[in-house]
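K.L.:
Fold the following for me, if possible:
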Amino acid sequence: MGKTKRYWLLKTEPSEWSWSDQEANGGISKWDGVKNKQAQKNLKSMTLGDLCFFYHSGTKSRCVVGVVEVSREWYTDDDDEGAVDVKGVGEMRKCVDLKEMKGDKGIKDFVLFRQPRLSVVPVEEDVWKKICELGNGFCGDGKEDCESSDES
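P.N.:
Below is the predicted model of the structure:
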């Protein structure tokens, strides 16, 4: 029986770690600093290849800005702090705002709405597809290529 790909949403304050930081870091970063037990349990449930929405939280913007892929499963570092590694897949073609998600009837049962303080939440496949649709997909999803974000 093949493993089913799972989907997640990772929240970050742009001032702490933004999509630009993720891209500038060679696309790979250690996702750590998660203290909440439920959020940690979600991180521990991630497997290689799972896709995650990269979500900017905070007062200025609350939106899905990109997609990352789990590149290393749960591990603990020297400080005994747990983490997973994620690598950037691509930016959303259009950021998907929290208000827009809440206004869509197709995603009314999203865990993000029920547990808004949780920093790592599972995303049902139908919700994943709907959010991708709202954002016109993401760079690297196999549809038309996106323009490179490299500064020229």
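
K.L.:
And the longest strand seen in the chain, what does it pack against?
P.N.:
Counting residues, the longest strand found in the chain (DSSP state E) is strand 82-97. With contacts defined as 3 or more CB pairs under 8 Å, 6 or more residues apart in numbering; DSSP states H and E, the packing partners of strand 82-97 are helix 19-24, strand 28-31, helix 37-45, strand 51-56, strand 63-76, helix 125-134. The C-beta positions use only the backbone N, C-alpha and C, and glycine is treated the same way.

K.L.:
hey, which of these is tucked in deepest?
P.N.:
strand 51-56 (a mean of 24; mean count of other CB atoms under 10 Å).

K.L.:
Please work out the average pLDDT along it.
P.N.:
What strand 51-56 shows for mean pLDDT is 97.

K.L.:
Partner strands of that strand and their direction?
P.N.:
Each strand paired with strand 51-56, and its direction, by DSSP bridges: strand 7-12 (parallel), strand 63-76 (antiparallel).

K.L.:
about what we covered before: could you give the angle of the longest strand of the chain to strand 7-12?
P.N.:
Strand 82-97 and strand 7-12 are oriented at 90 degrees to each other (axes from the mean of the first three to the mean of the last three CA atoms, to 10 degrees).

K.L.:
Mind checking what helix or strand follows strand 82-97 in sequence?
P.N.:
Once the chain leaves strand 82-97, the next helix or strand it forms, by DSSP states H and E, is helix 98-102.
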